[in-house]
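[1] everything below, folded, please.
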Amino acid sequence: MARTARHAVVVGAGIGGLTAAVALQRRGWRVTVCERGPGPSAAGAGIVLAPNALRAFDAIDFDATDTTGRMLPAALGLRRPGGDWLNRADTAAMAVRYGRPPLAVYRPALAAALAAALPEGAIRYGMTVTAVDDVHGSPVLRTPSGDVDADVAIAADGIRSTLRRQRFPDHPGLRYSGETAWRTVMSADGLADLAAAETWGRGERFGVVPLADGRVYVYATAVVPEGYEPVDLRAELLRRYGTWHAPIPALLDRIVPSAVLQHDLYDLAAPLPRYHQGRLVWLGDAAHAMTPNLGQGGCQAIEDAVVLAHLLDGDDVPAALAAYSQARLARTDAIRVRSRRAGRVAALTHPLAAAARDLAVRATPARATQRALDDLFNGFSLPAASVTPGSALR
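    Residues are numbered from 1 along each chain as shown. The predicted structure follows:
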């Protein structure tokens with residue numbers, strides 16, 4: 001007799017939550033995604049899928065290139081405001097070493113492709129999960145419209161995770177990085193010199209990532225007090241970046257202020273003690289919020305989701321969740337720390353410190369850069385599904 005499909009409830013329809021739902025559904029789970037928003041969000045910017053995230057998608061037979069049908073490689077280098085290069089990635093070499101280069105994706109398109117891979121009705125929009133309680137050893141998710149029973153509850157509820165705060169009340173929570181970020185996507189028609197790059201000034205950065213659909217993902221960061229919002233966004237961006245190298249001035253001319261997202265950048269002040277309690281488990285920003293300086297926030301959420309589904313293929317859910325914590329905590333926290341340190345270097349404001357930084361970047365041996373990339377891009381693997389009896393932490 002076939003086993004009745006177990007029920008996984010995912011809290012949050014971001015990239016990590018949707019990936020977990022797709023991965024579990026393809027392993028025979030019945031999935032429900034509870035998303036507090038009223039529907040799929042049309043707002044968003046870009047995401048660069050590094051080779052580790054693409055290999056994770058391969059493991060669940062999800063083709064990220066289907067998000068646009070014709071995606072372009074994202075080669076990323078570092079420049080100075082005058083336009084000279086500090087370093088530049090060789091994407092052909094990256095493709096040989098890691099199997100493929102990074103790929104730039106419009107984030108809402110990726111979310112839509114993941115949602116389309118789920119059964120109709122699997123995503124319940126407008127459903128806010130206020131708490132998860134243990135009832136007779138199984139999670140019950142509390143919502144204003146009624147309780148939802150599950151065999152496992154997955155908290156993918158973002159950087160300000162309500163479920164994380166409830167279950168880890170003594171954790172220090174988020175820590176402001178000192179920077180805010182502006183992000184948008186716009187048409188690239190008629191623009192030249194659109195090589196993907198991040199430009200470092202003093203306490204300011206500007207990123208350009210061409211997308212395959214004829215648009216370009218643009219982002220900028222600045223060292224400002226927490227909660228800072230410019231009165232005139234266009235004037236602010238022109239003041240900060242308007243004299244930088246091409247094509248930045250031309251991109252700024254195309255800015256539509258109402259289409260620009262602004263977020264202060266945070267990470268967790270300390271790692272969580274574990275990524276699960278009973279049959280409730282955290283992934284992505286809810287588990288290990290990190291700054292975007294290494295481009296690994298979304299990539300690590302994808303890794304989390306695929307590893308979690310792989311381990312949940314067995315019958316012992318608590319043991320699988322303990323194995324997930326063991327498999328993911330050290331890697332994700334190390335990347336969180338590295339990302340924060342990288343941001344501190346990139347955000348230096350003193351002229352002498354910034355000049356020394358630029359010289360150091362230029363002088364960094366290629367083998368040192370290669371080792372750093374290897375740690376990120378070759379770090380994904382599926383752990384053994386077996387766990388030591390009694391290892392589950394409650």
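
[2] tell me the secondary structure for the residue nearest to Met94 when sequence neighbours are not counted?
    Of all residues beyond its chain neighbours, the one nearest Met94 is Pro101 (4.9 Å), with distances taken as Cβ to Cβ, 6 or more residues apart in numbering. Backbone N, C-alpha and C define where each C-beta goes, glycine included. Here Pro101 is coil, with the state taken from DSSP: H, G, I helix; E, B strand; the rest coil.

[3] Pro101: neighbour count?
    23 (other Cβ atoms under 10 Å).

[4] pLDDT weak spots in the protein?
    1-3, 42, 66-75, 385-394 (pLDDT under 70).

[5] that's a strand at Val105, yeah?
    Yes - secondary structure of Val105 (three-state DSSP): part of a strand.

[6] just checking, it touches Leu54?
    No - the pair Val105 / Leu54 is not scored as a contact, 10.3 Å apart, by Cβ atoms under 8 Å.

[7] neighbour count: those two, which is higher?
    Val105 (29 against 23).

[8] hey, what's the more buried one bridged with?
    Using DSSP bridges, the bridge partners assigned to Val105 are Ile47.

[9] gap between it and Tyr217?
    In this view, Val105 and Tyr217 are 9 Å apart by Cβ to Cβ, to the nearest Å.

[10] kindly report the same for Leu54.
    18 Å.

[11] ranges for the strands of the stretch 51-200 of the chain?
    For the stretch 51-200 of the chain, the strands defined by DSSP state E, counting those that start in this stretch cover 77-79, 85-88, 103-106, 123-125, 131-135, 138-143, 146-149, 152-155, 174-187, 197-200.

[12] of those strands, which is nearest Ala368?
    Closest to Ala368 of the strands of the stretch 51-200 of the chain is strand 85-88 (Cβ to Cβ; 11.2 Å).

[13] can you give me the buried ones in the closest one?
    Leu86 (16 or more other Cβ atoms under 10 Å).

[14] could you say what helices and strands that strand packs with?
    For strand 85-88, the packing partners by 3 or more Cβ pairs under 8 Å, 6 or more residues apart in numbering; DSSP states H and E come out as strand 77-79, strand 197-200, helix 351-363.

[15] so which of those is nearest Ala320?
    Of the helices and strands packed on strand 85-88, nearest to Ala320 by Cβ to Cβ is strand 197-200, at 38.5 Å.

[16] show me what the following helix or strand past that closest one is packed up against.
    Sequence-wise, the next helix or strand downstream of strand 197-200 (DSSP states H and E) is strand 204-210. Packed against strand 204-210 by the contact rule (3+ Cβ pairs under 8 Å, 6+ apart) you find strand 197-200, strand 215-223, helix 233-241, helix 248-253.

[17] for Asp189, which of these is the nearest?
    Going by Cβ to Cβ, the one of the helices and strands packed on strand 204-210 nearest Asp189 is strand 215-223, 8.8 Å.

[18] quick revisit: deepest-packed of the strands of the stretch 51-200 of the chain, please.
    Highest mean neighbour count of the strands of the stretch 51-200 of the chain: strand 152-155, a mean of 29 (counted as mean count of other Cβ atoms under 10 Å).
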